[in-house]
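This is the structure alone, sequence omitted:
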């Protein structure tokens, strides 16, 4: 398609915490600075800046991108901000890739930030403003009224039990114990999850990731620059994104077709024909336990209705046949929306370079995938990295 | 990135703010909007006031959609024809929610549901709440019927239907 090769050459992030002292701009700065330092670049080397941030209402800054620009290194540079809700963080990588692949920039700094704690009394209230103003808001629709319905349908369609999905929380929270940014790393049993408070049946408290403050950044470079500054570039081999209808009540709530379409777009670009064999490590989106399983199936990394058994068999463990969410994910590290999804891309970057420390999966993985889900629960974004 | 890396980011507590250990500024937005209800939903609401649920049929794919829209998002064609639907249907999905929007908890749960109304195309769900049921009795496939407000209390809003109850 006449596109240039693009590599991730650096990454950085803040700790994810329930409530950060730092402002959104300060969080963006810390992550961006760490990412630049990691590849020994300075802001002078950056041609353009991409910022991803999901929901303005969390931080309380309408037009958050403009506010974040200085912290994200955007001063007097080509600067652009996007938002696709929860899918933002992975799309940030895609958006930056577009700028470098097109030939517009040689070095692009990509920053994702979310500070949810500012929204009172609880950031969940921000979701009240995203639904249909005439037919849905008067009934009080909220995220925890939609997601568990999808979970209920998904689980009953495939006959998954609460225990089946709870294993995702057990695995991811355990994996997060090895992550320096994590706020929800914990050794739990399946019964701990199943016996936790019923929030919105069938959703239990420990099925849900934690709202958080944090930022993540990556540095993208064109082939020439990447080869000059690092001997371990992680090439962006595939990128895909897709949107289903906004009318959530008429969507297929069992199978997220839009995630499959995004995955197929990325696989085709990367020349991947058998994802289950060719993807060595995966970071699918896990804001809720069942979502990781549902996403793995839509990403074609597990056959439909088989993800729970593979999980129970240990296939997705960090030392399993296909490690899934070795970072600890949103369930374990925490979920500052856009920053959490870009953290998944950063994790694949660190895994492919052998720099994941205690989280390192064995066998020197060569190809990894990160995915996120968002907008009105209708967006799928997928990135494939290859070293 | 090794576990030993010291990442930036300072955790504070809610109490640090409440007790003034961390300075903070409060602001309560007073955003006000008046949304006109639009062409398709405007008519849908007028019909609700009259105790009827109306959908739209796409002349090309023959799909009968509810809530109605002035265009078919699949065929991308205008000029649908109005079709009356029944005020009963079957529960496609539901959950039993104890959580309010501000994350506080409720003793009596809400039961939000996607209902497939009789007369609409398969897979065309309608969002509303279920009432007059023991949550333990909820199940997919349950037949439910709209409980309307008294005619004099109807204003042309989605809340003209109070909820759906087992039929």
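Cool, got the structure. From a predicted model like this one, the values you see are computed outputs, not experimental measurements. Residues are numbered from 1 along each chain as shown, chains lettered A, B, ... in the order given.

what's the neighbour count on residue A:265?
Residues lying near residue A:265 (other CB atoms under 10 Å in any protein chain shown) number 17. Glycine gets a C-beta too; all of them are placed from N, C-alpha and C.

ok, now the one 4 residues further on?
Counted with other CB under 10 Å, residues neighbouring residue A:269 total 17.

Quick test: name the residue nearest the centre of chain B.
residue B:127 (4.5 Å; CA atoms, centre = their mean).

now swap in chain A and tell me
Most central in chain A under CA atoms, centre = their mean is residue A:341, positioned 2.0 Å from the mean C-alpha point.

excluding its backbone neighbours, what's nearest that one?
Residue nearest to residue A:341 in three dimensions, not counting chain neighbours: residue A:89, with 2.5 Å by CB to CB, 6 or more residues apart in numbering or on different chains.

What strand or helix carries that neighbour?
If you go by DSSP states H and E, residue A:89 is part of helix A:88-101.

quick one: the helix or strand following that helix to helix A:88-101, angle?
Later in the chain than helix A:88-101, the nearest helix or strand by DSSP H and E is strand A:107-115. On the basis of axes from the mean of the first three to the mean of the last three CA atoms, to 10 degrees, strand A:107-115 is oriented at 170 degrees to helix A:88-101.

Now do the end-to-end distance for stretch A:123-132.
Terminal residues of stretch A:123-132 are spaced 19 Å apart (CA to CA, to the nearest Å).

Please, where are all the helices along chain B?
Counting by DSSP state H, chain B has helices at residues B:14-18, B:39-49.

need the ones you listed in TSV with distance to chain A, can you?
Below are these laid out as TSV (distance: least, CB to the nearest CB, whole Å):
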stretch	distance to chain A
helix B:14-18	6
helix B:39-49	6
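
Please work out which of the ones you listed is packed deepest.
Highest mean neighbour count of the helices of chain B: helix B:39-49, a mean of 18 (counted as mean count of other CB atoms under 10 Å in any protein chain shown).

so where's the chain uncertain?
In the absence of a named chain, this looks at chain A. Applying pLDDT under 70 to chain A picks out residues A:1.

look at chain B instead
Filtered on pLDDT under 70, chain B yields the residue ranges B:1-4.

returning to what we had before: any chance of the helices of chain B in JSON lines, with distance to residue B:140 too?
Below are those laid out as JSON lines (distance: least, CB to CB, whole Å):
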{"stretch": "helix B:14-18", "distance to residue B:140": "39"}
{"stretch": "helix B:39-49", "distance to residue B:140": "25"}
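
Contact partners for the closest residue to residue B:100 other than its chain neighbours?
Nearest residue to residue B:100, sequence neighbours excluded (CB to CB, 6+ apart): residue B:106, at 6.1 Å. By CB atoms under 8 Å, 6 or more residues apart in numbering or on different chains, residue B:106 lies in contact with B:97, B:98, B:99, B:100.

Same list (these) but as TSV, adding distance to residue B:36 and neighbour count.
Listed next are these as TSV, based on distance: CB to CB, whole Å; neighbours: other CB atoms under 10 Å in any protein chain shown:
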residue	distance to residue B:36	neighbour count
B:97	31	25
B:98	35	19
B:99	32	25
B:100	29	16
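
Nearest to chain A among those?
Ranked by distance to chain A (CB to the nearest CB), those are led by residue B:97 at 3.9 Å.

From what I see, the closest one and residue B:110 are in contact.
Yes. Using CB atoms under 8 Å, residue B:97 makes contact with residue B:110 at a distance of 4.8 Å.

any residues in contact with both of those two?
What both residue B:97 and residue B:110 touch, as defined by CB under 8 Å, 6+ apart, is the set residue A:145.

burial of the one residue in the stretch 251-387 of chain A that gets nearest to chain B, as a residue count?
As assessed by CB to the nearest CB, chain B sits closest to residue A:357 within the stretch 251-387 of chain A, at 3.6 Å. Residues near residue A:357, counting by other CB under 10 Å, number 15.

quick one: it and residue A:178 touch, right?
Yes. Here residue A:357 reaches residue A:178: they are 6.7 Å apart, a contact under CB under 8 Å.

State the number of residues packed around the nearest residue to residue A:92 once chain neighbours are set aside.
Among residues not flanking residue A:92 along the chain, residue A:52 sits closest, at 3.3 Å (CB to CB, 6+ apart). Neighbourhood size, residue A:52 [other CB under 10 Å]: 33.

In this model residue A:85 seems to touch residue A:52, though I could be wrong.
No. Using CB under 8 Å as the test, residue A:52 is too far from residue A:85 to be in contact (10.5 Å).

Can you read off the backbone torsions of the residue nearest to residue A:376 when sequence neighbours are not counted?
Spatial nearest neighbour of residue A:376, excluding adjacent residues (CB to CB, 6+ apart): residue A:246 at 5.5 Å. Per-residue torsions, residue A:246: phi -70, psi -20 (degrees, to the nearest 10).
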